[in-house]
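> this is the structure alone, sequence omitted:
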């Protein structure tokens, strides 16, 4: 009985394995030069300043081009629609827009296209979730006050001074401001967006290499190459059909069966088979995402000198190499600093900055936790949300690693919370009692974006309310510094303060992954883990 | 409808007089008393109730004995898992993740590198408790409410049936997230309570339907005209004849409750880590079925054996309660 | 009978109000949904407050409920967080789910009752044992795994089906998902049929029918089965609603954008308007299905009168 049962399963598994090696081929819908790609339902209406997750971001990346664009390979911000951005003092900027750009409906792109779009994005009444991106611009507090109603409709720091020039005045010095302008929230918008808003939302019109041909909410979006696109990054395929999948595993199976050309985000459960399944048609490249464990500094138990040692001890009790290898199949890389490799060394990434504190060393870990007075409260509860991202697997693995290192079966347990909203609510109400999951996906590839929002006093994503005057001072100085390398050095010094206090335990850098059918080539992912659709060749 | 001898008069007249002839003539053995239960086998004079007859039959049923042994075994390892394993279910070494069987670890390792055999043994406690207690609770609450609705009919039925409708409408995920997320206790009881709360309408509807059918029977009408109390009619005459579908649904539901516990844990509102249960292990192993089917096979197999034991037990009890089989 | 049906239809009103109120309160108890809309960061307080105002979340619960019900009666079921009207979501989700449910129910009726009759007439024979083993497999192996393996075998290895269902989701595409969805219920239907059949086999009317010399097929079909179906019909009736709202796993595996999936998403995102809207329709389905089942009782057993 036992033997028979086993054999049946083995046959099943074997059949499945051999089957998948020969999948894919012709028959994908969409036409000869059009590829099909997996998609998820965007969480928000597809307005540039209202899209804060990757699925909506995919579309914006295809139909919009902003003043700057981040190079899909290096992540460096390069001029796109901007002819030049001048500043003398890192606070007042003059932007000149290139001539000859149009929206795909024929409308000419002018300075006003940007000014109107940014004013719309910043205005409180439009409910744009990325409004805070305009927070550095002078007059933001009038357009978007923290409480009450807005007293102005437009940003006072924003002025169109000619058909192709506009000026931006910031409320503080921010030397790398121009480099943030590649973020989709800063995209220009056509007049139709304001005059026929509902119609625009059901079929957005932009200025990117693709134009939307049809959009069925909840199931599919058809994008076709816009032949009159004036930019250098013209689409090398005829179009992309985005298909909404309820589950990335289904999309993956569809690629195996030849019904889909491209699945980004290969499910973790299939990573062990992906190389044989797809015969090498699999990419796994670094993205600007870091996972950390944050701590509740509002809880006095975690805000002591001893607790710093405990945090370092816990960090050393986590076998990052083994977890990234076994659980994530190398789609994560053990973290050795608090930024991301996609920044490059010039951008501020420092491999090994964390040093021994991020290296697995059970004996030292045990010693440090003891010296620090033991785990506050007797047990580490790692809080995470259970509804997205299968966090349970790595939290359990981290806990097992800590338990094995400390020689105590229940030193660490996972603490799942049902929904993401509830998780965020408990965080914002300061109800965490121990470390909690913190993932950070960069908005733009700058070291500033990995440090300031997360560790600056009262910053928007400083969920643990960590506060350190020395860190704050260094960040302020870095933002005022006009010389880029000097600014990066100051940010790195600030990161050193984070390290010395182990403000958060860095776990791993996340990669983007994708699998594709045999008819595609030149498939790459940009540092935001979004496929570079325009470069993909079909056939 | 032409020629429909639905309820032949002769048959009705014959009911209660005893005597059973079978559809398959080979099985047709003999005589015995009617559903009310009078007279006796083996020449005893004292009239005995149907329930005690059933118990006497059960003790002689090999199916009953076999399933009881299995259930007893499950109970014993639930209480003392260390009797058959010396391992520690929480001791996991990621280096061995998904490995097959090796000496000392007959069932291999799961995705976290925990010993599958040890976890399957230790998982019995939570899973058997959840399965059995939730089923008992649902079956009792459901059959009492459904039975009353079916027996009394009218306004009672209207009220109870519409209550089942409302409870049916609550999505399990929503109910779990709302009712269980406020619970801090790390025991199986909130989970069981939740399952009873949301599970009873299913049994209630089945019980109601069966009681509605059974109360039409002639022996019920006879008992009624003889002046038997409603309680006596329900317990003596209707319950034994209406219980079979409830037993069938309950024994299968037992398995689904064990699986439902995993769904709740998956949602983060079931048993809190580091609990061990078959459901949790099954749901953890499911996505990896291509690579490590063994990690799924053993907890699933344990679940299957448990369900089998209870299905067989239910069958035996039903047979024992069916006077026509004697 | 007319009066009975009318009374039952009138009873729907309190159930409708009760169920919607209950669901409304439950979603409300889950807490503030706005925090989940801003990714891994805190929503800026002004936008959060504005969103709360727009969705009416700043009002007391009873007022929210009244406003909502008022809108429902004018056909406005509100909007989901992505700006889509809930009626639009329902218009795409329900047709697909109804087709999927029809397929699953047909499987339950055809395969479930057939297997039930076979095993009920041949208790203890090989066919009975085989079906029992299948039942155990279906109960103890999660739908997720059965679905996944069927998808890989039929969809990838043998190429008989497409692994995912297209947005059109016609009946042909829904056969395998329907089977997967029906699998656990099949176990119930089979064993219910088997047991009641075995019980009624020895009834007097069956003996009489045989004694009268009626052919075996007629005895089984007309007399035995008909009188054994009441628990089965009860189960299937209650299952319709459960299948429609609870097909979460099946819909995810086969990429069906149906009611279960939308409802699940709505619950996780705590979108009151989506959840209450969908559940409201499901409650109506339950009520109608149960009414039909009760009417069927009288058809199956003429002794039962509408009370």
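Cool, got the structure. Computed from a predicted model, the values in this text were never measured in an experiment.
> can you name the residues of the stretch 151-300 of chain A that neighbour chain C?
With Cβ under 8 Å from any Cβ of the partner chain as the criterion, the stretch 151-300 of chain A meets chain C at residues A:201, A:216-220, A:244-247, A:249-251, A:253-254, A:256-257, A:259. Where C-beta positions appear, they are placed from N, C-alpha and C, glycine not excepted.
> same thing but 6 Å
A:217-219, A:245-247, A:250, A:253-254, A:256-257, A:259 (Cβ under 6 Å from any Cβ of the partner chain).
> tell me the two of the residues you listed that are most distant?
A:217 and A:256 (27.7 Å; Cβ to Cβ).
> who's more crowded, the two?
The neighbour count for residue A:217 versus residue A:256, taken as other Cβ atoms under 10 Å in any protein chain shown, is higher for residue A:256 (29 against 21).
> give the next helix or strand downstream of the one helix or strand that one maps to.
Assigned by DSSP states H and E, residue A:256 belongs to helix A:248-257. Going down the chain from helix A:248-257, the next helix or strand is strand A:262-264, by DSSP H and E.
> wait, residue B:207 touches residue B:149, no?
No - using Cβ atoms under 6 Å, residue B:207 is not in contact with residue B:149; the gap is 8.3 Å.
> between the two, which one's more packed in?
Using other Cβ under 10 Å, the more surrounded residue of residue B:207 and residue B:149 is residue B:207, with 30 against 24.
> check contacts around the more buried one.
By Cβ atoms under 6 Å, 6 or more residues apart in numbering or on different chains, residue B:207 lies in contact with B:143, B:146-147, B:246.
> one more time with 8 Å, if that's ok
B:142-143, B:145-147, B:150, B:242, B:245-246 (Cβ atoms under 8 Å, 6 or more residues apart in numbering or on different chains).
> can you list the domains in chain A?
The record assigns chain A these domain ranges, following automatic domain parsing: A:2-62+A:208-281+A:517-538, A:68-192, A:287-509.
> export these as a markdown table, with columns for mean pLDDT and distance to chain B.
Formatted as a markdown table, these follow (pLDDT from 0 to 100; distance: least, Cβ to the nearest Cβ, whole Å):
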| stretch | mean pLDDT | distance to chain B |
| --- | --- | --- |
| domain A:2-62+A:208-281+A:517-538 | 82 | 4 |
| domain A:68-192 | 93 | 24 |
| domain A:287-509 | 93 | 3 |
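> nearest residue to residue B:317 in space, please, no chain neighbours.
Distances taken as Cβ to Cβ, 6 or more residues apart in numbering or on different chains place residue B:247 nearest to residue B:317, at 6.3 Å, with adjacent residues excluded.
> so the one you found sits against residue B:314, correct?
Yes - taking contacts as Cβ atoms under 8 Å, residue B:247 lies within contact range of residue B:314: 4.3 Å.
> what sits against the nearest residue to residue A:388 once chain neighbours are set aside?
Sequence neighbours aside, residue A:420 is the residue nearest to residue A:388 in space, at 5.9 Å (criterion: Cβ to Cβ, 6+ apart). Residue A:420 makes contacts with A:385, A:387-388, C:36, C:268, as judged by Cβ under 8 Å, 6+ apart.
> would you turn those into CSV with secondary structure and neighbour count?
Shown next, in CSV, are the contacts of residue A:420 (DSSP: H, G, I helix; E, B strand; the rest coil; neighbours: other Cβ atoms under 10 Å in any protein chain shown):
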residue, secondary structure, neighbour count
A:385, strand, 23
A:387, coil, 25
A:388, coil, 12
C:36, helix, 25
C:268, helix, 25
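> tell me where chain C has strands.
Ranges of strands in chain C, per DSSP state E: none exist.
> residue nearest the middle of it, spatially speaking?
Centroid-nearest residue in chain C: residue C:243, 2.2 Å away (criterion: Cα atoms, centre = their mean).
> burial of the nearest residue to that one once chain neighbours are set aside, as a residue count?
The shortest distance from residue C:243 to any non-neighbouring residue, by Cβ to Cβ, 6+ apart, is to residue C:101 (4.9 Å). Counted with other Cβ under 10 Å, residues neighbouring residue C:101 total 26.
> okay but residue C:101 is in contact with residue C:244, surely?
Yes - here residue C:101 lies in contact with residue C:244, judged by Cβ under 8 Å, at a distance of 5.1 Å.
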